[in-house]
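S.K.: The sequence isn't on hand, but the structure is:
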Ligand code: NDP
């Protein structure tokens, strides 16, 4: 089984590393120095040109959006062999996933939208959750390959379903960050320390991954390590909002979250950590969370 991984970003780099421990793995990255480091760290091989992909059985991609995937697709499809299974781990949009699925189907190839969850820690530990849309029998064929970096793989439905579930999850993440910031700011002004409020919430029914893991580290600790960019989360919530509009499901909560994240993006820039979206509400409230004195 020969594999290839294109897009060695903060997620793709360790994912491709796990893959290479079990399967022969070719890699490619726009910035070639990252691919060269990967070759040294994991004994992978950088493709010299896209023709090298002609012998690959399973192809992985992990780019910021579906736009970059679609831009690269002609180069890949020109050389790829019939029967190829393309596992796209980009958090992309469902419509692009369906378009790619049709393009591959016409060539006797298989496209699976397979975005991941679990963050950089999950990628490094090889414990990601993978949500898959597309042909279930193709997923069965490559499940053991995906397992090299995954703890949980779920077939969500037809082509685009994996992207749709990922976007919905990200909308919930955004809602949680903004809602938690808001109530904690109110509590700070009422004289309750953020750490004290989190201590109670995390032992009560309002807790979430955001309150249990992200805020203690990043808001109370004021660390905000940029493991997942605000620009990427805003993109995800845009996709979720669009999907809800297309489904004609009234979505005031997701729409508001989308709008607030667009403002946060303008105020803070796309490269800060996603949890820094809390700083937008801090500015509006005129106080900071987690300042213990
Ligand atoms: P990064 O920004 O770290 O990496 C992006 C990758 O895409 C890099 O390899 C980059 O190449 C490449 N790239 C960007 N633009 C282009 C382009 N125009 N042409 C070719 N290559 C390009 O992103 P992440 O690894 O954080 O995220 C990747 C995907 O995974 C996103 O869809 C994100 O939403 C999702 N995700 C991220 C998580 C996280 O915690 N970070 C968690 C779960 C999902 P170069 O090195 O040259 O810049």
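M.R.: Looks like it arrived, so ask away. Predicted, not measured: the structure shown is a model, and the values here were computed from it.
S.K.: Please count neighbours and contacts with C-alpha atoms only from this point.
M.R.: OK.
S.K.: what about residue 23, distance to the ligand?
M.R.: 20 Å (C-alpha to the nearest ligand atom, to the nearest Å).
S.K.: In the longest helix belonging to the chain, which residues are buried?
M.R.: Scanning the chain for the longest helix, with DSSP state H as the assignment, gives helix 161-189. Residues of helix 161-189 classed as buried: 161-171, 173-178, 180-181, 184-185, 187-188 (neighbour count, 16 or more other C-alpha atoms under 10 Å).
S.K.: Likewise for stretch 85-99?
M.R.: 85-98.
S.K.: cool, stretch 103-116 as well?
M.R.: With burial defined by 16+ other C-alpha under 10 Å, the residues of stretch 103-116 counted as buried are 103, 104, 109, 110, 111, 112, 113, 114, 115, 116.
S.K.: Let me have those in JSON lines, adding distance to residue 275, pLDDT and secondary structure as columns.
M.R.: Formatted as JSON lines, the buried residues of stretch 103-116 follow (distance: C-alpha to C-alpha, whole Å; pLDDT from 0 to 100; DSSP: H, G, I helix; E, B strand; the rest coil):
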{"residue": "103", "distance to residue 275": "37", "pLDDT": "97", "secondary structure": "helix"}
{"residue": "104", "distance to residue 275": "37", "pLDDT": "98", "secondary structure": "helix"}
{"residue": "109", "distance to residue 275": "39", "pLDDT": "98", "secondary structure": "coil"}
{"residue": "110", "distance to residue 275": "36", "pLDDT": "98", "secondary structure": "strand"}
{"residue": "111", "distance to residue 275": "32", "pLDDT": "98", "secondary structure": "strand"}
{"residue": "112", "distance to residue 275": "30", "pLDDT": "98", "secondary structure": "strand"}
{"residue": "113", "distance to residue 275": "26", "pLDDT": "98", "secondary structure": "strand"}
{"residue": "114", "distance to residue 275": "24", "pLDDT": "98", "secondary structure": "coil"}
{"residue": "115", "distance to residue 275": "20", "pLDDT": "98", "secondary structure": "coil"}
{"residue": "116", "distance to residue 275": "19", "pLDDT": "98", "secondary structure": "strand"}
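S.K.: Which residue is the nearest non-sequential neighbour of the residue with the shortest distance to the centre of the chain?
M.R.: Nearest to the geometric centre of the chain sits residue 91, at 4.9 Å (C-alpha atoms, centre = their mean). Closest residue to residue 91 apart from its sequence neighbours, by C-alpha to C-alpha, 6 or more residues apart in numbering: residue 115 at 5.0 Å.
S.K.: Contact residues of this protein facing the ligand?
M.R.: When proximity is defined by C-alpha under 6 Å from any ligand atom, the chain lies next to the ligand at 7-12, 29-31, 62-65, 68, 90-91, 116-117, 119-120, 227-228, 232.
S.K.: Type out the PyMOL command that picks the buried ones from the residues you listed.
M.R.: Buried members of the residues of the chain next to the ligand, defined by 16+ other C-alpha under 10 Å, are picked up in PyMOL with:
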select buried, resi 7+8+9+11+12+29+62+63+64+65+90+91+116+117+120+227+228+232
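S.K.: on that earlier part again, the residue nearest to the centre of the chain contacts residue 116, correct?
M.R.: Yes - between residue 91 and residue 116 there is a contact at 7.4 Å, judged by C-alpha atoms under 8 Å.
S.K.: Mind listing the shared neighbours of those two?
M.R.: Jointly contacting residue 91 and residue 116 under the rule C-alpha atoms under 8 Å, 6 or more residues apart in numbering are residue 166.
S.K.: Now do the same contact list for the closest residue to residue 218 other than its chain neighbours.
M.R.: Closest residue to residue 218 apart from its sequence neighbours, by C-alpha to C-alpha, 6+ apart: residue 224 at 4.8 Å. The contact partners of residue 224, by C-alpha under 8 Å, 6+ apart, come to 217, 218, 272, 273, 275, 276.
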